[in-house]
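# fold the following.
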Amino acid sequence: MKTGMTHISTQPTMNTSEHMNIGTSEHPKSATLESQGSSHDLPRVSVIIPARDAEATIISTLDSVFAQDYEGEMEVIVADGCETPTMSELIRQAHPSVKLISNPERVLVPGANAAFQTATGDFIVRCDAHVVLPPGYISRALQTLKRTGAANVGGRQLAVGTTLFERTVAIAMTTLLGVGDSRHRLGGQEGAADTAFLGVFSRRTLEELGGGYANLARNEDYELNYRLRKRGKTVWFDPELVVEYRPRGSMWALARQYFNYGRGKSVVLMKHPGSIRYRHLAAPGLILGLAVGAALAVAGFPWLLTALLLAYALTIVGGSVVVGFRRRDMAAALLPLALATMHLSWGVGFFIPERLQADRLDDTLLPPPPPAKT
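As a prediction, the model looks like this:
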């Protein structure tokens with residue numbers, strides 16, 4: 001299996017006559033984006049992709065990575081958390097230069113951290129196995145790092161569905177009713193943000209934080225970005241970095257995803273109370289209100305539960321009608337069902353936090369990476 005660096009020989013989008021002095025690495029073979037007249041003088045980039053059960057999407061993700069217009073050296077590392085060899089075999093057939101490593105824990109964060117520990121690049125591009133990167137993504141992100149001096153640059157997650165239900169979830173994930181005021185989901189003005197989708201960092205940035213993400217099943221990106229901001233560094237949202245994301249394809253998969261989101265957010269808020277935003281309290285507040293209303297109903301006072309259910313139903317149904325007319329998409333007919341699934345699952349998950357592993361939430365170095373897959 002070929003695991004060497006991959007050179008993408010397409011037309012450059014960066015002005016390589018300028019010096020880039022942000023986030024330079026202390027890695028023994030580090031480089032900066034200063035030009036010596038050759039694309040080989042651009043810094044090495046490592047694209048890390050933790051993946052599990054992503055047979056349906058991983059090849060399109062890798063296709064988009066290898067279609068990047070970045071002219072420097074690039075390596076692609078996939079941390080395989082699958083129980084079967086099917087995904088790895090697909091990757092070897094389609095893109096034999098990908099470096100495959102094992103992720104025996106089969107969850108996202110250990111895979112991402114193992115990929116980072118394996119990476120040799122000066123800049124790390126975090127990628128997920130359900131996304132499609134636009135051709136200029138890496139070049140644009142590095143330009144933005146240079147222009148802003150930020151520690152992390154990310155963009156917008158644009159949910160794009162193919163089936164009727166996926167399209168419904170995509171609508172829900174791009175509306176205020178579904179995700180609150182999240183700029184990285186809705187879009188908005190460029191600038192400093194509390195978080196951004198995915199992320200492009202210098203190696204030094206992650207090393208200063210202890211070598212990777214906190215050991216969370218979900219919300220690890222928000223937690224990392226909060227630690228960056230606590231250190232006085234900037235997380236930058238660039239709306240031009242639009243990454244297509246394929247939503248979950250069934251009600252059960254969506255409920256499980258948002259239940260885990262809620263659990264992960266609860267852990268982060270326990271560790272970092274200062275990271276809370278108003279949007280984080282909406283779903284837990286709904287669950288708390290329903291619980292109190294149900295208790296009062298059992299005691300013979302059903303008015304609170306009735307009023308709350310009626311108000312909630314009118315809100316999501318009325319909002320769905322408005323969104324449906326604006327989007328002109330029949331998938332909006334299922335929007336109340338998708339929204340209720342997201343809200344209730346997230347809210348319940350918030351009150352059932354995952355077991356906190358405080359050592360991995362501190363700035364401690366991570367263990368050595370696992371061996372490459374054979």
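# average pLDDT for stretch 287-302?
What stretch 287-302 shows for mean pLDDT is 90.
# quick one, longest strand in the protein?
As assigned by DSSP state E, the longest strand anywhere in the chain is strand 235-245.
# by contact count, what packs against it?
If contacts are counted by 3 or more C-beta pairs under 8 Å, 6 or more residues apart in numbering; DSSP states H and E, strand 235-245 sits against strand 131-132, helix 137-148, strand 152-159, helix 183-186, strand 191-192, strand 197-202, helix 220-230. C-beta: built from backbone N, CA, C; applies to glycine.
# out of the ones you listed, which is closest to Glu75?
Set against Glu75 and scored by C-beta to C-beta, the helices and strands packed on strand 235-245 come closest in helix 137-148, at 12.2 Å.
# tell me which residues are up against stretch 50-66.
By C-beta atoms under 8 Å, 6 or more residues apart in numbering, the surrounding residues in contact with stretch 50-66 are 6, 8, 47, 49, 76, 78-82, 86-87, 90-91, 94-95, 98, 103, 106-109, 111-112, 115, 127-135, 246.
# okay, and the beta partners of Ser202?
Going by DSSP bridges, Ser202 is paired in beta bridges with Phe123.
# swap in Asn152?
Phe201, Val235.
# touching, it and Val235? I think so.
Yes - with contact defined as C-beta atoms under 8 Å, Asn152 counts as touching Val235 (4.9 Å).
# between those two, point out the one with more neighbours.
Each of Asn152 and Val235 has its neighbours counted (other C-beta atoms under 10 Å); Asn152 has more, 29 against 22.
# give the contact list for that one.
Taking C-beta under 8 Å, 6+ apart, we find Asn152 in contact with Ala196, Gly199, Val200, Phe201, Thr205, Leu224, Asn225, Leu228, Lys233, Thr234, Val235, Trp236.
# which strands or helices does the helix or strand where Ala115 lies pack on?
Assigned by DSSP states H and E, Ala115 belongs to helix 108-118. Contact partners of helix 108-118 among helices and strands, from 3+ C-beta pairs under 8 Å, 6+ apart: strand 45-51, strand 73-80, strand 99-102, helix 220-230.
# could you rerun that using 7 Å?
Using 3 or more C-beta pairs under 7 Å, 6 or more residues apart in numbering; DSSP states H and E as the contact test, the elements touching helix 108-118 are strand 45-51, strand 73-80, strand 99-102.
# for Arg140, find the nearest of these.
strand 45-51 (12.7 Å).
# pLDDT weak spots in the chain?
Counting by pLDDT under 70, the low-confidence segments of the chain come to 1-40, 181, 216-217, 275, 355-374.
# any idea which helix is longest in it?
The helix spanning the most residues in the chain, taking DSSP state H as the definition, is helix 303-327.
# and the contacts of the next helix or strand after that helix?
The C-terminal neighbour of helix 303-327 among helices and strands, as given by DSSP H and E, is helix 335-350. By C-beta atoms under 7 Å, 6 or more residues apart in numbering, the residues outside helix 335-350 that reach it are 168-169, 171-172, 177-178, 251, 254-255, 258-263, 265-266, 283-284, 286-287, 316-317, 320, 323-324.
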